[in-house]
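Engineer: My questions are about this predicted structure, shown below with the sequence.
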Amino acid sequence: MIKNACYCLLRARITHFEHGWVEVVAGRLRLTDPQGFLFSNVVLADLFAQL
């Protein structure tokens, strides 16, 4: 399930990485500060829509 969720995010929402809203730190996906927090609803809504 977790691998599937990560795959969906990477496959469908690579633009979030390009915008600098999310990053991977120590193997975990996290929102960046401050832009990631500003757009957190967009990122999370897209992730849940892919599941």
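Structural biologist: Right, received. Where do you want to start?
Engineer: per-residue pLDDT, residue 15?
Structural biologist: pLDDT for residue 15: 81.
Engineer: Work out for me the element it sits within.
Structural biologist: helix 14-19 (DSSP states H and E).
Engineer: any idea which helix or strand comes after that helix?
Structural biologist: Scanning forward in sequence from helix 14-19 by DSSP H and E, the next helix or strand is strand 22-25.
Engineer: need the next SSE after that following strand, C-terminal direction.
Structural biologist: strand 28-31.
Engineer: helices or strands up against that next one?
Structural biologist: strand 22-25 (3 or more Cβ pairs under 8 Å, 6 or more residues apart in numbering; DSSP states H and E). Where you see a C-beta, it was placed from the backbone N, CA and C, and this is true even at glycine.
Engineer: Pairing partners for the strand it packs on, with directions?
Structural biologist: Sheet pairing here is set by DSSP bridges, and for strand 22-25 it gives strand 28-31 (antiparallel).
Engineer: who are the neighbours of the helix or strand that the strand it pairs with is followed by, in terms of helices and strands?
Structural biologist: For strand 28-31, the following helix or strand on the C-terminal side (DSSP H and E) is helix 35-38. On a contact count with 3+ Cβ pairs under 8 Å, 6+ apart, helix 35-38 meets no helix or strand.
Engineer: Identify all contacting residues around helix 35-38.
Structural biologist: Residues outside helix 35-38 that contact it (Cβ atoms under 8 Å, 6 or more residues apart in numbering) are 19, 20, 21, 22, 23, 30, 31, 43.
Engineer: Pull out the buried residues from it.
Structural biologist: residue 36 (16 or more other Cβ atoms under 10 Å).
Engineer: do the same with stretch 27-41
Structural biologist: 29, 31, 32, 36, 39.
Engineer: Quick check, the last one in contact with residue 21.
Structural biologist: Yes - counting by Cβ atoms under 8 Å, a contact exists between residue 39 and residue 21, whose distance comes to 4.9 Å.
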